[in-house]
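A.B. asks: Sharing a model prediction with you, sequence too.
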Amino acid sequence: MGAIFLLAIWAAIYPTLLACVTVILLLPRPERLLLGFWLGAMAMSVTCGLIVVFALGGSSGATTTTRHSISPIAEITLGAILLLLALVFFSGRNARYNARVERRHEKKAAKPPSKMMQLLRRGTPRTTFVIGALVIGTPGVTYLTAMDLLARQHLSTLAAVLVLLAWNLIMLLLLEVPIIFYAVAPGGTASAVASFKDWLTRDEGRITYWCALIAGVALLAIGVVHLAS
C-alpha cells in the first residue's frame, strides 16, 4: 500500500500540472479557474480509476508492461543524478545556469505561448474544466501502475474507492492548496500569490534546486520499492 501513495506523491509533482497551476495563478480571479480545472481533472481521473480497478481488474497486462519499461536501477540512477544536480545548486556553482536562464527567458519572450497556455489565459471555469479533464485527468504511466497495484490489494469496494479518492487528492495537491487558501483567506492568499509571482521571476535557480531535490528523493524511493517488490 505504501508504494501506491509514493506514486501519488510522484504524480503530484507532474511538470504539466505545475505549469498549468502557475499560469492560472497569474490570471485575474484564479480561484474560479483553479476550481474548474480541479473538478475536470478529478472527474476524469476518478472515473478512469474506477474503470481500471473494477471493470478491468487493474488491466494487469498493460500496466505490467508499463511498469517494467523503466527498470528500478534506471529510476535509482536518475534519482541520484537529480540529487547531484540539487547539490550543485546548493553549493552555489550555478552561475552558468543562471546565464542560460536569462537567455532562455529572452527567447521565450519572443515566442508565442502554446495553444494550451493560450486557452488557459483567456479561459473560463468551463474551459479549465475541459483542459483539466483532458490534460491532467487522462491516465498516464504512474496512474495506471498505481491502479494496478490497488487492484491487486483485494480490498473491499468501499476501501478501494476511498484509497482511489485519497490517491487523486494527493495527486492534485498543487491545485487543492491554493483553492483552500482562497476559500479560507482570500485577501491573504492574493498577497501570497503576488509574492509567488515575484519569487518565480527572481529565484528560478532555487526553484530548480528544490524540484531536483524532491524528484530525486522520490525516484530513489520508487526505485528501491520496485527493487524490493
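C.D. replies: Noted; the coordinates are in hand. None of these values were measured; they are calculated from a predicted model.
A.B. asks: Give me the nearest residue to residue 178, chain neighbours excluded.
C.D. replies: Nearest residue to residue 178 in three dimensions, chain neighbours excluded: residue 34, at 5.9 Å (CB to CB, 6 or more residues apart in numbering). Just so you know, the C-beta spots here come from the backbone N, C-alpha and C atoms, and that holds for glycine as well.
A.B. asks: so what's the one you found up against?
C.D. replies: Residue 34 is in contact with 21, 24-25, 128, 175, 178-179, 182, counting by CB atoms under 8 Å, 6 or more residues apart in numbering.
A.B. asks: same thing but 7 Å
C.D. replies: 24, 175, 178-179 (CB atoms under 7 Å, 6 or more residues apart in numbering).
A.B. asks: before we move on, what about residue 218?
C.D. replies: So residue 218 contacts 9-10 (CB under 7 Å, 6+ apart).
A.B. asks: and it, what helix or strand is that in?
C.D. replies: helix 204-228 (DSSP states H and E).
A.B. asks: looking at it, residue 164 is touching residue 49, isn't it?
C.D. replies: Yes - under the criterion of CB atoms under 7 Å, residue 164 makes contact with residue 49 at 4.8 Å.
A.B. asks: the more surrounded of these two?
C.D. replies: Legend: neighbour count by other CB atoms under 10 Å for residue 164 and residue 49, higher for residue 49 (25 against 22).
A.B. asks: This structure: helices as residue ranges?
C.D. replies: 2-12, 15-25, 30-50, 60-67, 72-90, 95-110, 115-121, 125-131, 141-151, 157-171, 173-184, 186-202, 204-228 (DSSP state H).
A.B. asks: just the angle between the third one and helix 157-171, please?
C.D. replies: Looking back up the chat, that one is helix 30-50. Orientation note: helix 30-50 sits at an angle of 140 degrees relative to helix 157-171 (axes from the mean of the first three to the mean of the last three CA atoms, to 10 degrees).
A.B. asks: got the buried residues for helix 30-50?
C.D. replies: By neighbour count on 16 or more other CB atoms under 10 Å, the buried set for helix 30-50 is 30-42, 44-46, 48-49.
A.B. asks: rewinding a little: now the helix holding residue 218: mean pLDDT?
C.D. replies: Regarding helix 204-228, the rounded mean pLDDT is 71.
A.B. asks: and what of stretch 181-197?
C.D. replies: 82.
A.B. asks: Residues contacting it, please?
C.D. replies: For stretch 181-197, the surrounding residues in contact (CB under 7 Å, 6+ apart) are 25-26, 31, 178.
A.B. asks: Skip the chain neighbours and tell me the closest residue to residue 179.
C.D. replies: Spatial nearest neighbour of residue 179, excluding adjacent residues (CB to CB, 6+ apart): residue 34 at 5.1 Å.
A.B. asks: swap in residue 35?
C.D. replies: Nearest non-adjacent residue to residue 35 (CB to CB, 6+ apart): residue 179, at 5.8 Å.
A.B. asks: Which helix or strand in the chain has the lowest average pLDDT?
C.D. replies: Scoring the helices and strands of the chain by mean pLDDT, DSSP states H and E places helix 60-67 at the bottom, with a mean of 44.
A.B. asks: Low-confidence ranges, this protein, go.
C.D. replies: Within the chain, the stretches with pLDDT under 70 are 1, 57-71, 74-75, 88-122, 196-212, 219, 229.
A.B. asks: One more pass at 90, please.
C.D. replies: 1-32, 52-128, 130-155, 157, 174, 183-229 (pLDDT under 90).
A.B. asks: Contacts only, for residue 32.
C.D. replies: residue 125.
A.B. asks: And it, how far from residue 221?
C.D. replies: Separation of residue 32 from residue 221 (CB to CB, to the nearest Å): 36 Å.
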